[in-house]
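[1] missing the sequence, but the structure's below:
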C-alpha cells in the first residue's frame, strides 16, 4: 500500500559545514531564545531555511529569503546533491522524559503522497489552519521538503529492520563512518547513507503496509495541498514527500505525554472545582505549596499507564495540587452520549478535556486555542508555571501505541498534542528538492 523510494538527497558538504553546526529541531518546537542561538551558531544552520526571518517590513518576505538562501547554498557548494539515490538511516540515542535510555532507528526516503481517505497513510491528530498556511507559503517559495514528516509502520517480524541492520553492518565492516550531530538536549544522532540493493528490498517490504503519521500532521496536509496546486498546473513534481519511517515495533520508539497549561481563562472557585471532579474521580489533595513541592504527584500522573487513568492538577494562584484517579466505570457510555467513539472515550486527552475542562472547569475544550500552552515534561511545565501567569496546569499519562492505532484505524483523529514523540527528528540531515 505505501509506496516509497530512495532519492538523491541534498546534503551539507562536510568539508564546508560540520553537521553538528547545521542541524536544528523542527520549526514548531523552537523557542525564540533557542532560535536566536541557532542562528548565531552558524550562517548555514538549517533554521535559516526552516524558520526564516524577514529582513524588511513585510513578514512574508521571510519565505522568499529562505528560497534565495537555498539557491545560494546550492550554487556555492554548501549543499550538494548525492550522486545516487539512497535511503538515509537515522539512529538517535536518548534518555526520555521518564529517565530511561532508548535508541530509536528510522530511515529517510520519499513516500508517494496519498489522501487520508485512501487508508494508506493514517493520521491520528487534528490540525489547525495557521501552521498549515505558514508551511504552505514556505513550500511554495522553496519548492523543497526541508524537514521530514515522521511516520510509523508495522514490522512485527523485524524483516525491514533486519535489512537495515545488515546494510549498517556492511558499512561498519567497510569502516565507513556515520555522520554525527547532537540535538538541543545533547542526544547523539548518527546518519548513514544506504545505497544499492537494500533500497529496493526495503521498498518491496513496505509495499503492503500502512503508515501512521506520528509527527508532522500539518506538514503532511500542507504537502497534499501543494501537490494539488502543482497538479492543477500540470506539474507532478510534488507527488512525493520526504519522510522518516520508523517501526512501531522498535523498542526504542517511546511515546510520552504532553501536559497542558491554561492561561487567560476564569475558573470557578477551587472548592467548587473539587466537588465537580468528585463526580468522576477520586480526588486527593497533595501537601505542599509550590509546583516544585508537588513535583512527586505531578510525576506520578505523567507516568501513569493502564485503564485506571490518573491526572494531576496544579492551581498556582491558590498553590494547591490535586491528584485524580478515574473511578467512573460508566465513563465510556457517558462520553459516547457526547459523540465520542469507544476508542476515543478511553483516551487520557479526551477524559481530561471532557471530565476536567468541560465538566469541572466549565470550559469548552473546542474553544481553548490560544489559551493552552504545552509542556513536554514535568520540569518544563514547572518552569513555565514559575515564569508565566497560568490559571491551571494539567498533567496526564501518555497515549499508548495501541490507543493510537485503534483511533487511526477507525478513521478518527485525536486532539492536537495528544502524543509526544521524543526526541524530535533533526532538520538539516538531508533536504529534498522537488
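    Done, it's in. Keep in mind that what you see is a predicted model, and the values were worked out from it rather than measured. Numbers count the residues shown, from 1 in each chain.
[2] what about the nearest residue to residue 247 once chain neighbours are set aside, is that helix, strand or coil?
    Closest residue to residue 247 apart from its sequence neighbours, by CB to CB, 6 or more residues apart in numbering: residue 155 at 3.9 Å. Where C-beta positions appear, they are placed from N, C-alpha and C, glycine not excepted. What DSSP: H, G, I helix; E, B strand; the rest coil gives for residue 155 is coil.
[3] hang on, isn't residue 155 packed against residue 245?
    No: in this structure residue 155 lies outside contact range of residue 245 using CB atoms under 8 Å: 9.6 Å.
[4] And the two? Which one has more around it.
    residue 245 (26 against 20; other CB atoms under 10 Å).
[5] List the contacts of the more buried one.
    4, 106-109, 111, 151-153, 206, 211 (CB atoms under 8 Å, 6 or more residues apart in numbering).
[6] And the helices in the stretch 251-400 of the chain, which stretches?
    In the stretch 251-400 of the chain, the segments counted as helices under DSSP state H, counting those that start in this stretch are 270-277, 295-302, 331-336, 342-345, 348-351, 378-387.
[7] if we can go back for a sec, which one of the contacts of residue 245 is nearest residue 358?
    Closest approach between these and residue 358, by CB to CB: residue 152, at 30.7 Å.
[8] That closest one - how many residues pack around it?
    Neighbour tally, residue 152, other CB under 10 Å: 27.
[9] Would you enumerate the residues in contact with the nearest residue to residue 354 once chain neighbours are set aside?
    Excluding the flanking residues, the one nearest residue 354 by CB to CB, 6+ apart is residue 335, at 5.9 Å. The neighbours of residue 335, taking CB under 8 Å, 6+ apart as the test, are 344-345, 350-351, 354.
[10] ok now the helix or strand of the chain with the lowest mean pLDDT, how far from the chain's centre?
    Taking mean pLDDT, DSSP states H and E as the measure, the chain has helix 331-336 as its least confident helix or strand, at a mean of 84. A distance of 29 Å separates the centroid of the chain from that of helix 331-336, by CA atoms, centre = their mean, to the nearest Å.
[11] May I see the buried residues of that helix?
    Neighbour counts using 16 or more other CB atoms under 10 Å place 331, 334-335 of helix 331-336 among the buried residues.
[12] Check these against residue 70 and report the nearest one.
    Using CB to CB, the buried residues of helix 331-336 come closest to residue 70 at residue 335, 47.3 Å.
[13] re the thing from before, could you dump the buried residues of helix 331-336 to a markdown table with distance to residue 132?
    As requested, the buried residues of helix 331-336 are arranged in a markdown table below (distance: CB to CB, whole Å):
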| residue | distance to residue 132 |
| --- | --- |
| 331 | 33 |
| 334 | 33 |
| 335 | 29 |
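[14] List just the nearest of the residues you listed to residue 14.
    Distances from residue 14 to the buried residues of helix 331-336, taken as CB to CB, are shortest for residue 335 (53.4 Å).
[15] Quick check: residue 363 vs residue 288, distance?
    Plainly put, residue 363 is 25 Å away from residue 288 if you go by CB to CB, to the nearest Å.
[16] what about those two, which has more around it?
    Just comparing residue 363 and residue 288: by other CB under 10 Å the higher neighbour count belongs to residue 363, 20 against 16.
[17] I'd like the distance between that one and residue 391.
    For residue 363, the distance to residue 391 - CB to CB - is 10 Å.
[18] anything in contact with each of these two?
    Joint contacts of residue 363 and residue 391 (CB under 8 Å, 6+ apart) are 262, 265.
[19] Wait, residue 4 touches residue 108, no?
    No: assessed by CB under 8 Å, residue 4 is found out of contact with residue 108, at 10.2 Å.
[20] Give me the common contacts of these two.
    Going by CB under 8 Å, 6+ apart, residues that sit against residue 4 and also against residue 108 are 243, 245.
[21] need the contacts of residue 335 in CSV with neighbour count, distance to residue 379 and pLDDT, can you?
    Formatted as CSV, these follow (neighbours: other CB atoms under 10 Å; distance: CB to CB, whole Å; pLDDT from 0 to 100):
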residue, neighbour count, distance to residue 379, pLDDT
344, 24, 30, 90
345, 19, 31, 89
350, 23, 26, 93
351, 23, 24, 94
354, 20, 28, 95
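[22] Sketch out the low-pLDDT regions of the chain for me.
    The model of the chain has no residue with pLDDT under 70.
[23] Which residue ranges make up each domain of it?
    4-254+422-433, 258-397 (automatic domain parsing).
[24] nearest to residue 403, of the ones you listed?
    Using CB to CB, these put domain 258-397 closest to residue 403, at 6.0 Å.
[25] what residues are up against residue 202?
    Per CB under 8 Å, 6+ apart, neighbours of residue 202: 4, 87, 107, 109, 160, 163-164.
[26] Could you single out the nearest of those residues to residue 294?
    The closest of those, once distances to residue 294 are taken by CB to CB, is residue 107, at 41.9 Å.
[27] I'd assumed the closest one was in a strand, is it?
    Yes: according to three-state DSSP, residue 107 belongs to a strand.
[28] first vs last residue of stretch 44-51, how far apart are they?
    13 Å (CA to CA, to the nearest Å).
[29] Tell me, how many residues neighbour residue 191?
    Residues lying near residue 191 (other CB under 10 Å) number 19.
[30] Now it. Nearest residue, chain neighbours left out?
    Per CB to CB, 6+ apart, closest to residue 191 is residue 179, 4.4 Å.
[31] pretty sure the one you found is touching residue 188, no?
    No: using CB under 8 Å, residue 179 is not in contact with residue 188; the gap is 11.2 Å.
[32] okay, and the common contacts of the two?
    With CB under 8 Å, 6+ apart, residue 179 and residue 188 have no common neighbours.
[33] quick one: contacts for the residue most central in space within the chain?
    In the chain, the residue lying closest to the centroid (CA atoms, centre = their mean) is residue 215, at 3.4 Å. Residue 215 makes contacts with 26, 149-150, 419, 421, 424-425, as judged by CB under 8 Å, 6+ apart.
[34] what does residue 226 give?
    Counting by CB under 8 Å, 6+ apart, residue 226 has contacts 136, 139-140, 238.
[35] Please, which helix or strand holds it?
    Element membership for residue 226, per DSSP states H and E: helix 217-232.
[36] how far is the helix or strand following that helix from where the chain is centred?
    The helix or strand immediately downstream of helix 217-232 is strand 240-247, counting by DSSP H and E. Here strand 240-247 is found 13 Å from its chain centre; the criterion is CA atoms, centre = their mean.
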